[in-house]
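K.L.:
only geometry, no sequence info:
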Ligand SMILES: C[S@@+](CC[C@H](N)C(=O)[O-])C[C@H]1O[C@@H](n2cnc3c(N)ncnc32)[C@H](O)[C@@H]1O
């Protein structure tokens, strides 16, 4: 990547000023053997790199809680207390999973996510007066998340379910209903006399920028109060909350750490400080890496705007039920009107019925050292899919009052049912594969031929869709093996039956 020398020196100045500011915070520490480095050459922005070998359990840096930008520290909370008073709003976002308003981006009530956007906009507009200025200066102004992609860039995602999750329209609605009205109602606070105001378009853009920064940089501050003792297996703490239900904060320095599926550092959350600690020996020159969670590359791209080879182990692909259902309709021809009844029965229990299923490998969580102890393997189909398939057979039997012999037999005979199940899912997977406009080999060739892809967004899109196609291929191989086992077993049973007959004769 070519880097303009002016931009370059501003980038370096930004890092220096930020580090000076950070070091001056009461209670902050920054280990002498680490440094903030320019990693733009590999499209990774800033990162922290070891300058000498580092022992495990070394405190790499310490962040005083007072330096975190969140509802507990932001002066905005005292300036507009009503807006921050979540208890007295229509929607309670505390921890009620069933609260429907929680996802309602058109409701005016706030959540921890929108409040942090407001705090960041406020601090940004304060300019030099903001105590977080050197920190805000190094936060990104542009993003590589698909939210900011053009239609033509988005088309590179092809048939990925990510297309439906980009969420630009929802974000626009959230900004229009929750952010702009608050700023306009308190314009003297956001734009004190002398400060030039921003029009709605400019404010909307600023809110998008802050929202995307939070998505990729903020930490969930409530779940992490306890310091983990024995590593992080089975610990949900990396499942950072981006749905607005918990207290989010911007944590200077902790968010300079890049991350990968194999990592070597962890942020411990203490009562007064947060500490970055090495999990294992780190060699001089190695990047210090955090962990953002067991995320697929599609999810990594959606939230953080990057993809990595190691995260491919958690790649997923969605299989819509419609594809399976269509094949069942062909396999079990029914009389006019009967199929609609089957569909109705299946959907009669809203809680049980699934519109789609996620195909994924079995992949153990990383060890507390940040390593894996085994490969990710495709070795199962979702249980819920097997269950829904069986429910569909039951619905066919019921609707046809037992007239459909195949459905009735498949319900009684587990082996036959399994065979029909795998055959159907295999065909559905082949159809799903054909929804992508290029084949796996073409994507591989694109990625492996130097000069074929010059655009970073295109590279990430091809990388991500190739990962989904790889799962589809692995699923086919696994299902074919399962089918072979089932058929071998059935023919063995037939042979045994014939041999027994001969013996009796
Ligand atoms: C919390 S920030 C980390 C610091 C960031 N590199 C910066 O310059 O401000 C998260 C962002 O860093 C980038 N990032 C993190 N890990 C990365 C990796 N392994 N490879 C490439 N980019 C990465 C992504 O752009 C992501 O949205």
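P.N.:
It's in. Here the structure is a predicted model, which means the values were calculated and not measured. Numbering: from 1, shown residues only.
K.L.:
any idea what residue 289 is structurally, helix, strand or coil?
P.N.:
strand (DSSP: H, G, I helix; E, B strand; the rest coil).
K.L.:
Tell me the helices and strands packed up against the strand or helix carrying residue 422.
P.N.:
According to DSSP states H and E, residue 422 maps onto helix 414-434. Applying 3 or more CB pairs under 8 Å, 6 or more residues apart in numbering; DSSP states H and E, we find helix 414-434 packed against strand 316-320, helix 321-331, helix 383-399, helix 405-412, helix 456-504. From N, CA and C alone the C-beta is placed, and that goes for glycine too.
K.L.:
what about the residue nearest the centre of the chain, distance to the ligand?
P.N.:
Centroid check for the chain by CA atoms, centre = their mean gives residue 299 as the closest residue, at 3.2 Å. Going from residue 299 to the ligand by CB to the nearest ligand atom, to the nearest Å gives 12 Å.
K.L.:
Got phi/psi on that residue?
P.N.:
Torsion angles at residue 299 (phi, psi; degrees, to the nearest 10) stand at phi -70, psi -40.
K.L.:
And residue 144, by the same measure?
P.N.:
phi -110, psi 10.
K.L.:
which residues does it contact?
P.N.:
305, 306, 456, 457, 460 (CB atoms under 8 Å, 6 or more residues apart in numbering).
K.L.:
what's the farthest-apart pair in these?
P.N.:
306 and 457 (10.6 Å; CB to CB).
K.L.:
returning to what we had before: can you put the contacts of residue 144 in a markdown table and add neighbour count?
P.N.:
Shown next, in a markdown table, are these (neighbours: other CB atoms under 10 Å):
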| residue | neighbour count |
| --- | --- |
| 305 | 24 |
| 306 | 21 |
| 456 | 13 |
| 457 | 21 |
| 460 | 25 |
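K.L.:
contacts with the ligand among those residues, please.
P.N.:
Near the ligand, judged by CB under 6 Å from any ligand atom, the entries from the contacts of residue 144 are 305, 306.
K.L.:
between the contacts of residue 144, which is closest to residue 162?
P.N.:
residue 460 (10.7 Å).
K.L.:
Buried residues in stretch 470-478, which are they?
P.N.:
470, 471, 472, 474, 475, 476, 478 (16 or more other CB atoms under 10 Å).
K.L.:
Around residue 194, how many other residues sit close by?
P.N.:
Neighbour count for residue 194, taken as other CB atoms under 10 Å: 5.
K.L.:
Helix, strand, or coil at it?
P.N.:
Residue 194 is classified as coil under three-state DSSP.
K.L.:
That one: what's it in contact with?
P.N.:
Going by CB under 8 Å, 6+ apart, the list of residues near residue 194 is empty.
K.L.:
Could you check how far it is from residue 214?
P.N.:
Here the criterion is CB to CB, to the nearest Å. By it, residue 194 lies 29 Å from residue 214.
K.L.:
now do residue 449
P.N.:
For residue 449, the distance to residue 214 - CB to CB - is 37 Å.
K.L.:
which one of the helices and strands packed on helix 414-434 is the most hemmed in?
P.N.:
Greatest average neighbour count among these goes to strand 316-320 (a mean of 21), per mean count of other CB atoms under 10 Å.
K.L.:
what packs against that strand?
P.N.:
strand 356-360, helix 414-434, helix 456-504.
K.L.:
ok, now with 6 Å
P.N.:
strand 356-360, helix 456-504 (3 or more CB pairs under 6 Å, 6 or more residues apart in numbering; DSSP states H and E).
K.L.:
Of all the helices and strands in the protein, which has the lowest average confidence?
P.N.:
Using mean pLDDT, DSSP states H and E, helix 405-412 stands out as the lowest-scoring helix or strand of the chain, at a mean of 90.
K.L.:
Would you mind pulling up the elements that that helix packs against?
P.N.:
helix 383-399, helix 414-434.
K.L.:
So which residues on the chain come close to the ligand?
P.N.:
43-47, 216-217, 255-256, 258-260, 304-306, 308.
K.L.:
Mind doing that once more with 5 Å?
P.N.:
With CB under 5 Å from any ligand atom as the criterion, the chain meets the ligand at residues 44, 45, 46, 216, 217, 255, 258, 259, 260, 304, 305, 306.
K.L.:
Can you say which of those are buried?
P.N.:
By 16+ other CB under 10 Å, these give 45, 46, 216, 217, 255, 258, 259, 260, 304, 305, 306 as buried.
K.L.:
Now do the buried residues in stretch 161-174.
P.N.:
Neighbour count says stretch 161-174 has 161, 162, 166, 167, 171, 174 buried, by 16+ other CB under 10 Å.
K.L.:
how about CSV for those residues, with secondary structure added?
P.N.:
Converted to CSV, these look like this (three-state DSSP):
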residue, secondary structure
161, helix
162, helix
166, coil
167, coil
171, helix
174, helix
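K.L.:
Right, I'll call it a day here.
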